[in-house]
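> sequence first, then the predicted structure:
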Amino acid sequence: MDLIDDPETAGNTPEFTVSELSGAVKRTIEGEFGQVRVKAEVGRVVRARSGHLYFDLKDDRNVLACTTWKGQVAQLSVTPEEGMEVVVQGRMTTFGSQSKYQLNATEVSVAGVGALMAMLEKRKKALDAEGLFAAERKQPLPFLPDIIGVVTSPTGAVIRDILHRLRDRFPRKVLVWPVAVQGQACAPQVARAIEGFNAMSPGGALPRPDVIIVARGGGSIEDLWGFNEEVVARAAAGSDIPLISAVGHETDTTLIDYVSDRRAPTPTAAAEMAVPVRMELVAAVDQMGARASRAVTESVAGRKQRVKDLWRAAPNPQQLADDAKQRYDYWAEKLDAALIRRVTDGRLQLGHAAGLLRPSVLNTRTAQGRDRLTGLKTRLAPALTRTTAQARRDLDQRANRLRPEAVTAAKSRAERDFTATLARLVTAAHTRTERARTRLEAMDRMRETLGYRATLERGYAVVRGDGAVVTNAKDAKSASSIEIEFADGVLKPSPVAPKAKPKPKTSPPDQGNLF
Amino acid sequence: MSVDVSEMSFEEALRELEQVVGQLERGEVPLDQSIALYERGAALKKRCEAKLKEAEEKVAKLTLDGDGNPVGTAPLDG
């Protein structure tokens, strides 16, 4: 018996295809669990590149696969994170191609305030660890901003409170970026607004604010939740424009308050932080102007007084002259006495010198001169004799050295040189003549070679007619006599006239005689 | 004395004005310099007053396109 052929195994149970069965299961599950709410802990979370969100819900024994399609993700109150306690609402369905059942989650909310706070604490810790709360990141607010950007709802009490307080203190230009302050849209819109204000250029069509206020009135923790979202906190931390946060009441602290540059307890307080009080400044500036004027006036007056005081202590001009006059008198008196003494001294010196001037002094000097003259005269004659004798000796010595031999020798040397030079001249002249002759002969040979006579040797002949050279037959015909020159002589051929006779017979001019 | 007063923010002008007044009051500058300093102070005061006079309230709401990009402003109907 073949097992396959056993009819009893088929029985009357109907046969399904896989797809039929899968479809039947799908219908059953979707019919039975149309809309369900599940409270559980979030397990693994995967956001696919397609934009769909896949996550698991779990308890201590089982796991439920959840899917939120791309278009549904934006509607979730919170994005599920691993470990979060949530309540998920959705439709049960199946995924037949993998034999799976799953929940299509359309709403995820945090299960209870305690869970929300736990999640906030976790985020806070993460951002703090990144250093986003650090005091050194805080920027100072401008003293007097020209433009104030406000991120809030364009309607409601909050914006009115801010504008009211600004008007009281210092009216300014205010640019409101309208956002939803609660619900799903809140966090992305607030983040977008902070980034948008930062992206504006100073002085542009939409001028960039000098300070930003992010404000919202009080509400429940769920209402304020948008300001606890990481995207808002990161946008606020990344703002280059100083940012004041004023979210909820004084007791509500949201994540944005940790990253903002200043936290205001209320929107009104934010306006107070943003601008100084104008009237106080007007008064302060006026006061400063008055102080400056007073200081300058006092400074000039003080200096004037000092000049006066100093001048008072100065001596009077009469006193200065008195002193000089006294000194003049003292020296003027001494002048006469000094002159008289000088004359007396001079006279005394003259007397002394005149005493020394006597004739005996002159006589002594004359006698001395005469003695010297006599001495020199006696030495003159012998000196002259000595000099003459010496000159004669020198002359004799030179005359002895003067002999004819030197002249003779020079003469014969010159004669020898002349003879030799003459001989060389003759030889040279001879050689040159020889060389010139050799060249002349060579050139004559060349001339012969190049001349027409040489070609005659090679069989050419020169024809002359009436003595001139004939180079063509026409000239030869018209010549009365012809000479042919060969290498060895000239041939004069006899005239060839008879040969030309037949020509006139056939020539056309004969017919001309008919006329 | 180098920064152009007309380029200054209110705060800068006010801060320098305070310094100028302080210097003048202490009388520690020579007379001819104090005249120049006083003139500087007057210019700073004028700048401060001009900035304080710019107290104009102007409130506008940004209008956003479908993608949330600002496209213009509109009066705030608060």
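Good, I have the coordinates. Numbers count the residues shown, from 1 in each chain, chains lettered A, B, ... in the order given.
> which residues in chain B form helices?
Using DSSP state H, the helices assigned to chain B run over residues B:10-26, B:31-53.
> which of these sits closest to residue A:366?
helix B:31-53 (89.0 Å; C-beta to C-beta). Using the backbone N, CA and C atoms, a C-beta is placed for each residue, glycine as well.
> the closest one vs chain A: in contact?
Yes - with C-beta under 8 Å from any C-beta of the partner chain as the criterion, chain A is reached by helix B:31-53 at B:31, B:34, B:35, B:38, B:41, B:42, B:45, B:48, B:49, B:51, B:52.
> among those residues, which ones are buried?
B:34, B:38, B:41, B:42, B:45, B:48, B:49, B:51, B:52 (16 or more other C-beta atoms under 10 Å in any protein chain shown).
> let's have these in TSV, adding pLDDT.
Shown next, in TSV, are these (pLDDT from 0 to 100):
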residue	pLDDT
B:34	85
B:38	88
B:41	90
B:42	90
B:45	90
B:48	89
B:49	88
B:51	85
B:52	86
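> what parts of chain B come near chain A?
Counting by C-beta under 8 Å from any C-beta, the residues of chain B near chain A are B:9-11, B:14, B:17-18, B:20-21, B:24-25, B:27, B:31, B:34-35, B:38, B:41-42, B:45, B:48-49, B:51-52, B:54-62, B:64, B:68-70, B:72-73, B:76-78.
> using ChimeraX, define a selection of the buried residues within those residues.
Typed into ChimeraX, the line below selects the buried ones among the residues of chain B next to chain A, using 16+ other C-beta under 10 Å:
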select /B:9,10,14,17,20,21,24,34,38,41,42,45,48,49,51,52,55,59,60,61,62,64,70,73,76
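> what residue in the stretch 301-450 of chain A comes nearest to chain B?
Per C-beta to the nearest C-beta, residue A:303 is where the stretch 301-450 of chain A lies closest to chain B, at 6.0 Å.
> since we're on that residue, how many residues are nearby?
Counted with other C-beta atoms under 10 Å in any protein chain shown, residues neighbouring residue A:303 total 14.
> surely it is within a strand?
No - read with DSSP: H, G, I helix; E, B strand; the rest coil, residue A:303 is helix and lies in no strand.
> wait, isn't it in contact with residue B:30?
No - look at residue A:303 against residue B:30 with C-beta atoms under 8 Å: they stay out of range, at 10.0 Å.
> what helices or strands is the helix or strand containing residue A:327 leaning on?
Using DSSP states H and E, the element containing residue A:327 is helix A:317-356. Using 3 or more C-beta pairs under 8 Å, 6 or more residues apart in numbering or on different chains; DSSP states H and E as the contact test, no helix or strand touches helix A:317-356.
> show the average pLDDT along it.
Helix A:317-356 shows a mean pLDDT of 85.
> how distant is that helix from the center of its chain?
85 Å (C-alpha atoms, centre = their mean, to the nearest Å).
> compute the number of surrounding residues for the nearest residue to residue B:11 once chain neighbours are set aside.
In space, and not counting its chain neighbours, residue B:11 is closest to residue A:143: 3.6 Å by C-beta to C-beta, 6 or more residues apart in numbering or on different chains. Residues near residue A:143, counting by other C-beta under 10 Å, number 15.
> confirm that residue A:143 sits in a helix.
No - with three-state DSSP as the criterion, residue A:143 is coil rather than part of a helix.
> contact residues of the stretch 351-500 of chain A facing chain B?
Counting by C-beta under 8 Å from any C-beta, the stretch 351-500 of chain A has no residue next to chain B.
> can you give me the strands for the stretch 351-500 of chain A?
Using DSSP state E, counting those that start in this stretch, the strands of the stretch 351-500 of chain A run over residues A:462-465, A:468-469, A:482-486, A:489-491.
> and the ones you listed as TSV, adding mean neighbour count and mean pLDDT?
Converted to TSV, the strands of the stretch 351-500 of chain A look like this (neighbours: other C-beta atoms under 10 Å in any protein chain shown; pLDDT from 0 to 100):
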stretch	mean neighbour count	mean pLDDT
strand A:462-465	17	84
strand A:468-469	11	82
strand A:482-486	16	85
strand A:489-491	10	83
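> with residue A:376 as the reference, name the closest of those.
Using C-beta to C-beta, the nearest of the strands of the stretch 351-500 of chain A to residue A:376 is strand A:468-469, at 116.0 Å.
> each with direction, which strands does that closest one pair with?
strand A:462-465 (antiparallel) (DSSP bridges).
> so for the chain, the centremost residue is which one?
Picked chain A for this. Centroid-nearest residue in chain A: residue A:201, 27.1 Å away (criterion: C-alpha atoms, centre = their mean).
> meant chain B actually
Short answer for chain B (C-alpha atoms, centre = their mean): residue B:10, at 2.2 Å.
> burial measure for residue 65, as a count.
Going with chain A. 16.
> my bad, the chain I had in mind was chain B
By other C-beta under 10 Å, neighbour count at residue B:65 equals 9.
> and stretch A:288-299, C-alpha only, in PDB?
What follows is stretch A:288-299, C-alpha atoms only, in PDB (Å, rounded to 0.1, in the frame of the first residue of the first chain):
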ATOM      1  CA  MET A 288      25.700 113.000  33.200                       C
ATOM      2  CA  GLY A 289      25.600 116.000  30.900                       C
ATOM      3  CA  ALA A 290      25.100 118.400  33.800                       C
ATOM      4  CA  ARG A 291      28.000 116.800  35.700                       C
ATOM      5  CA  ALA A 292      30.300 117.200  32.700                       C
ATOM      6  CA  SER A 293      29.400 120.900  32.400                       C
ATOM      7  CA  ARG A 294      29.900 121.500  36.000                       C
ATOM      8  CA  ALA A 295      33.200 119.600  36.100                       C
ATOM      9  CA  VAL A 296      34.500 121.700  33.200                       C
ATOM     10  CA  THR A 297      33.300 125.000  34.600                       C
ATOM     11  CA  GLU A 298      34.800 124.100  38.000                       C
ATOM     12  CA  SER A 299      38.000 123.000  36.400                       C
END
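> go through that stretch and flag the buried ones.
A:288, A:289, A:291, A:292, A:293, A:295, A:296, A:299.
> now the second one, nearest residue through space, not along the chain?
Leaving aside its chain neighbours, residue A:289 sits nearest to residue B:45 (4.6 Å; criterion: C-beta to C-beta, 6+ apart).
> might one say that residue A:221 is in contact with residue A:115?
No - judged on C-beta under 8 Å, residue A:221 makes no contact with residue A:115 at a distance of 11.3 Å.
> ok, back up a step: can you give me the separation between the residue nearest to the centre of chain B and residue A:286?
15 Å (C-beta to C-beta, to the nearest Å).
> returning to that earlier point: out of residue A:221 and residue A:115, which sits in the more crowded spot?
Using other C-beta under 10 Å as the criterion, residue A:221 and residue A:115 rank with residue A:115 on top: 18 against 15.
> neighbouring contacts of the least confident helix or strand in chain B by mean pLDDT?
In chain B, no helix or strand scores lower on mean pLDDT, DSSP states H and E than strand B:70-75, which sits at a mean of 83. Applying C-beta atoms under 8 Å, 6 or more residues apart in numbering or on different chains, the contact partners of strand B:70-75 are A:175, A:177, A:196, A:200, A:206, B:59, B:60, B:61, B:62, B:63, B:64, B:65.
> just give me how far that strand sits from the chain centre.
On C-alpha atoms, centre = their mean, the centre of strand B:70-75 falls 28 Å from that of its chain.
> pull it out as CSV, backbone CA atoms only.
C-alpha atoms of strand B:70-75 as CSV (Å, rounded to 0.1, in the frame of the first residue of the first chain):
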residue,chain,number,x,y,z
PRO,B,70,8.7,83.3,6.9
VAL,B,71,7.5,85.2,3.8
GLY,B,72,6.5,88.6,5.2
THR,B,73,5.0,90.4,8.0
ALA,B,74,1.5,91.4,9.0
PRO,B,75,0.2,93.7,11.7
